[in-house]
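Student: Below: sequence and its predicted model.
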Amino acid sequence: MRSCYGGSFEGQSSDVLLNVMENMAIGIVLVEISTKRVLFINKVAQEITGYNMDNLGDKTSCQFLRRDSNSPCMFEDGSENLSSVIDITTFSGGSKTIKKSVSLFEYAGQKVILEVFMDLTDEKHQEKKIKKTLEEYEQNKRIMFSLMEDLQSTVEKEQLMKANLERVEAAFDSSTDALAISDCNGRYIFKNQIFVELFGDADSIDEERAFTDHGILLDHIHNTSSARNWRGRLTLAQIGGEKKLYQVVVENLYSQRNKFNGKIWRISDLTEQLLAEERVQRDLREKTALLEKSRNLQMSLIQKSLPMLREFSLHSLFMPCEQLGGDFFRIRKGNSLNKLLILLGDCTGHGVQSSLDASILTSIVDSRLYALFNNSRTDLFLEVVNREFCSVAEEDQFPTMFVAVIDLNDNSMYYSSANGEVPILIRKNKVLVLDKPEGMHLNLSSDSKYERKSINLIEDDKILFFSDAILEIPQGGNLRPGYPFLLGLLDQLNLSKSSGKILAELLSEFRASNGGFPLADDTTIIMVEHIKPIAKRFDYNELSGFMIMREFLKKTMLRFDYSLDETEQTEIAFEEIFINAFTHGNSEDLSKPIKTEIIIDAKEVFISVTDSGEGFCHKEVPDPQSVLFQLLEEDNEEEYTHGRGLFVARQYVEQLIYNDKGNKATILKQRKSSHYLLG
């Protein structure tokens, strides 16, 4: 009796399952649940029921595998797994008792009933046989159910593999690159259209034509089991002879068991990419040149040094956060009018645009500085600058500005603000923020008005001017800690130190808090200290007294923020002329006095040493460099050391002057500008 199959299962996995079911020792029927239509009935089921696919006709499983025509079909009550012993009517009209189990499966997108049964008719009075038969039935049923579950898993994997393959093919076909897959024998089992256009539709390409002078790739192609991947740029000849530069990538494919299965090819036309790279490089060169010009322009407008004043010590730092910045400042001393002008500007944002705005604003400011020196009207100055900037600036640019004028005759300071940061005053080791004058950003309105305030400075006052970058250093999740952060830092410092040392300690704290320099915004800091000159006279006539004077000189110079190099150089020059006065002027006579005067201010150091000797003509002292080699050859130690002290002293100071008699030497050492330009 032949098996019957009228279903819609397809694929190799289904064929295997149907073959297994056909040869099972129990009756098996597959039913489509929606229509109750029989899809499959194996040989045992045909022998038990007498039905096959030819004589079933329109009968459903419910009509030939139930007790009577009035009994309900299984699953009509919603159950998924049912089992019972029932009597059925065979095709020939006879009656049989069967053990029947019904289970529900979802297979290939459709719900299927699996009916498994066995004939118990001849075994009714043979309990042992029945028991054995039932055991065999249960075992076969479990095997059958397990096979159905395996089939479902296999089908799902096949469907997933098919879907993935379809996605891969769609991706390959939509790619602008030439893509192909070759098997372990070197045959191309898949090629997208771009690949076909390049190399034709043959199973293999003509490597000798396409890759004529690239032996390393040829070796890789022919060695199909090669474990190496390959990547490189090659000139390939297309089917028409045209040669172009391509990026070629060849990667090996392996199975889950690490068996070599073939290669995947990706060949990209670099023509457009090379043109794009050239355009990018050209644009980059042009922008770099423009950036360099802009930077040179800004650097030419940035103040490089600070004015040197006797009673005011000045320090500044300028640090853009990018190559170009929007901050700028001016510190000017009037030539005829004894006034000091301090101005800080901060343009919106940073980078090229803010740098251009800063250049425009700097030009406007420089053309109006003369008015500040004449009348100290910082409020009127901002009104004029604002009107002129409004006439040329973009609508979305709103710079801030702070401007101050210090009258050096009476130490009064007048200041105004276009919403710039208000300076901090350090007075008698206490910190306070100056009163903020009224005034909005520049460019908000051409009619904006600004308030002027004033303060009288006293000795040892220190004023810290700064841009808003200082107030925006993140602190513990607070993105704009503001004045409390800065005031808190200052309270932790020794404010009796010089302004230069305080600024250095602040910068160290800023760097640590920010995690390095530069800050997130352009940074400008100016420190101004009002400090009186210090003068002292000494009457030491021996070298031990010199040590006391030198210690006073060193300590005082460092207090005025002279650098360590400047201090040491001055000490050396002072030592040379004092030794000359003691040794040559006074002939080491301890009864003869040596008068020394030291005056130190924020601009320069003045030291005069007067001995009690007859003097000498310093112009007649030979330059030790001009006769050094000759005197060394003559081994004339006295002569080649003579004049060395004066020579050394002159190297370290700006001026070394003797009076006409030659018994008084005067040293003048100037302090260098304390301006730091970073970035």
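Tutor: Received, thanks.
Student: can you pull the contacts of the residue most central in space within the chain?
Tutor: Residue closest to the average C-alpha location in the chain (Cα atoms, centre = their mean): residue 520, at 12.5 Å. Neighbouring residues of residue 520 by Cβ atoms under 8 Å, 6 or more residues apart in numbering: 321, 469, 472-473, 514. For glycine as for every other residue, the C-beta is placed from the backbone atoms N, C-alpha and C.
Student: Closest to residue 668 out of those?
Tutor: Top of the list for closeness to residue 668, among the contacts of residue 520 and by Cβ to Cβ, is residue 469 at 38.7 Å.
Student: May I have the secondary structure class of that closest one?
Tutor: helix (DSSP: H, G, I helix; E, B strand; the rest coil).
Student: what's residue 547 in contact with, if anything?
Tutor: So residue 547 contacts nothing (Cβ under 8 Å, 6+ apart).
Student: need the helices for the stretch 251-400 of the chain, in chain order.
Tutor: For the stretch 251-400 of the chain, the helices defined by DSSP state H, counting those that start in this stretch occupy 271-301, 352-375, 378-390.
Student: Tell me, please, the helix or strand in the protein that averages the lowest pLDDT.
Tutor: Among the helices and strands of the chain, strand 4-5 carries the lowest confidence by mean pLDDT, DSSP states H and E, at a mean of 48.
Student: Against residue 424, how distant is the residue nearest to the centre of the chain?
Tutor: 21 Å (Cβ to Cβ, to the nearest Å).
Student: Could you do residue 199 as well?
Tutor: According to Cβ to Cβ, residue 199 stands 75 Å off from residue 424.
Student: Looking at these two, which has the bigger crowd around it?
Tutor: Using other Cβ atoms under 10 Å, the more surrounded residue of residue 199 and residue 424 is residue 199, with 24 against 18.
Student: Dihedrals phi and psi, the more buried one?
Tutor: The phi/psi pair for residue 199 (degrees, to the nearest 10) reads phi -120, psi 0.
Student: And the pLDDT at it?
Tutor: Looking at residue 199, its pLDDT is 74.
Student: Strands along the stretch 151-300 of the chain, start to end?
Tutor: Along the stretch 151-300 of the chain, the segments classed as strands by DSSP state E, counting those that start in this stretch run 178-183, 188-191, 230-237, 243-254, 260-269.
Student: would you turn the ones you listed into TSV with distance to residue 287 and mean neighbour count?
Tutor: Shown next, in TSV, are these (distance: least, Cβ to Cβ, whole Å; neighbours: other Cβ atoms under 10 Å):
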stretch	distance to residue 287	mean neighbour count
strand 178-183	35	21
strand 188-191	42	18
strand 230-237	27	15
strand 243-254	27	15
strand 260-269	28	18
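Student: what's the least confident stretch among those?
Tutor: Mean pLDDT values for these show the minimum at strand 230-237, a mean of 74.
Student: Okay, now the sheet partners of it, with direction.
Tutor: Neighbouring strands of strand 230-237 in its sheet, by DSSP bridges, are strand 243-254 (antiparallel).
Student: Restricting to C-alpha, output the strand it pairs with in CSV.
Tutor: What follows is strand 243-254, C-alpha atoms only, in CSV (Å, rounded to 0.1, in the frame of the first residue of the first chain):
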residue,chain,number,x,y,z
LYS,A,243,42.5,51.6,-16.3
LYS,A,244,41.5,53.1,-13.0
LEU,A,245,42.7,53.0,-9.4
TYR,A,246,40.7,50.8,-7.1
GLN,A,247,40.7,49.8,-3.5
VAL,A,248,40.7,46.0,-3.4
VAL,A,249,39.8,44.0,-0.3
VAL,A,250,39.8,40.2,-0.2
GLU,A,251,38.7,38.4,3.0
ASN,A,252,38.4,34.7,3.7
LEU,A,253,35.1,33.0,4.7
TYR,A,254,35.0,30.2,7.2
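Student: How far off centre is that strand?
Tutor: Mean-position distance between strand 243-254 and its chain equals 33 Å (Cα atoms, centre = their mean, to the nearest Å).
Student: do the same with stretch 179-193
Tutor: On the basis of Cα atoms, centre = their mean, stretch 179-193 sits 42 Å off its chain's mean C-alpha point.
Student: now the end-to-end length of that stretch.
Tutor: 8 Å (Cα to Cα, to the nearest Å).
Student: got the residue ranges for the helices in the stretch 551-679 of the chain?
Tutor: Along the stretch 551-679 of the chain, the segments classed as helices by DSSP H, counting those that start in this stretch run 564-580, 624-633, 637-641, 644-652.
Student: Any idea which of those has the lowest pLDDT on average?
Tutor: helix 637-641 (a mean of 51).
Student: pLDDT (mean, whole number) over stretch 421-435?
Tutor: Here the average pLDDT along stretch 421-435 is 96.
Student: Tabulate the CA atom coordinates of it in CSV.
Tutor: The C-alpha coordinates for stretch 421-435 follow below in CSV (Å, rounded to 0.1, in the frame of the first residue of the first chain):
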residue,chain,number,x,y,z
GLU,A,421,33.4,90.9,34.4
VAL,A,422,33.9,93.2,37.4
PRO,A,423,37.5,93.1,38.8
ILE,A,424,38.4,91.8,42.3
LEU,A,425,40.2,94.1,44.7
ILE,A,426,42.7,92.6,47.3
ARG,A,427,43.2,95.2,50.1
LYS,A,428,45.0,94.5,53.3
ASN,A,429,44.8,90.7,52.7
LYS,A,430,41.0,90.8,52.2
VAL,A,431,39.1,90.1,49.0
LEU,A,432,36.1,92.0,47.6
VAL,A,433,34.4,92.5,44.3
LEU,A,434,34.2,96.1,43.0
ASP,A,435,30.8,97.7,42.6
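Student: average pLDDT across the helix or strand where residue 513 lies?
Tutor: In the assignment (DSSP states H and E), residue 513 maps to helix 499-514. What helix 499-514 shows for mean pLDDT is 93.
Student: Can you pull out the low-pLDDT segments for the stretch 451-600 of the chain?
Tutor: Where the stretch 451-600 of the chain drops to pLDDT under 70, the residues are 476-480.
Student: and the helix holding residue 513, what other elements does it pack with?
Tutor: Secondary-structure packing of helix 499-514 (3 or more Cβ pairs under 8 Å, 6 or more residues apart in numbering; DSSP states H and E): strand 312-319, strand 462-466, helix 483-492, strand 523-530.
Student: which helices and strands sit right next to the longest one?
Tutor: Applying 3+ Cβ pairs under 8 Å, 6+ apart, one finds that helix 483-492 makes contact with strand 424-427, strand 430-433, helix 499-514.
Student: What residues of that helix count as buried?
Tutor: For helix 483-492, burial by neighbour count (16 or more other Cβ atoms under 10 Å) applies to 485-486, 489-490.
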